[in-house]
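Participant: have a look; sequence and predicted model below, questions after that.
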Amino acid sequence: MENNNENNDIDLVFVCGYKDPAAIRELLTKIGDRWSILLILSLSKLHQNRARFSTLEKSIPGISQRMLTLTLRNLERDGLILREVFPEVPPRVEYELTALGASLITPLQGLIDWVTVNWEEVTQAQTIFDSR
């Protein structure tokens, strides 16, 4: 499969290493959104990779209830977390990483580690670029 834009010499299968580059783009867009990475990493740090909604909300500063709900729903749909409702009054809901979700912890932590090591250099490059 080749890219049909101006650069026809680039083989997207080669670039992505997978037969369906669109699938890779779609999943990276979902996993790499503003809140998913933080949510997955937060769940990984909490007891037994489980937490209630309110605990997750407190662990991710700046996230709204609506965005937390949407992100949890999307991660559940993709099989990365499980939602368990307990038959109590009031109902208790807990979220847990699945094995698939837990398999993302190492690569995501690697990305966070890269940012930690390189953030100062990135901001310096931005400052130089912006001053031109």
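Facilitator: Yes, it's here.

Participant: from here on, just use CA atoms for contacts and neighbour counts.
Facilitator: Noted.

Participant: which strands or helices does the strand or helix carrying K58 pack on?
Facilitator: Following DSSP states H and E, one finds K58 within helix 53-59. Counting contacts by 3 or more Cα pairs under 8 Å, 6 or more residues apart in numbering; DSSP states H and E, helix 53-59 is packed against helix 36-45, strand 92-97.

Participant: ok, residues contacting whichever helix or strand comes after the last one?
Facilitator: Spelled out, that is strand 92-97. Downstream of strand 92-97, the first helix or strand assigned by DSSP H and E is helix 99-102. Helix 99-102 is contacted by residues I40, S44, G79, L80, I81 when judged by Cα atoms under 8 Å, 6 or more residues apart in numbering.

Participant: quick one on the thing from earlier: for W119, which of the helices and strands packed on helix 53-59 is the nearest?
Facilitator: helix 36-45 (17.2 Å; Cα to Cα).

Participant: the closest one - contacts with which helices or strands?
Facilitator: So helix 36-45, by 3+ Cα pairs under 8 Å, 6+ apart, packs with strand 50-52, helix 53-59, strand 92-97, helix 99-102, helix 105-131.

Participant: which helices and strands does the helix or strand containing A23 pack with?
Facilitator: Using DSSP H and E, A23 falls within helix 21-31. The helices and strands touching helix 21-31, judged by 3+ Cα pairs under 8 Å, 6+ apart, are helix 12-16.
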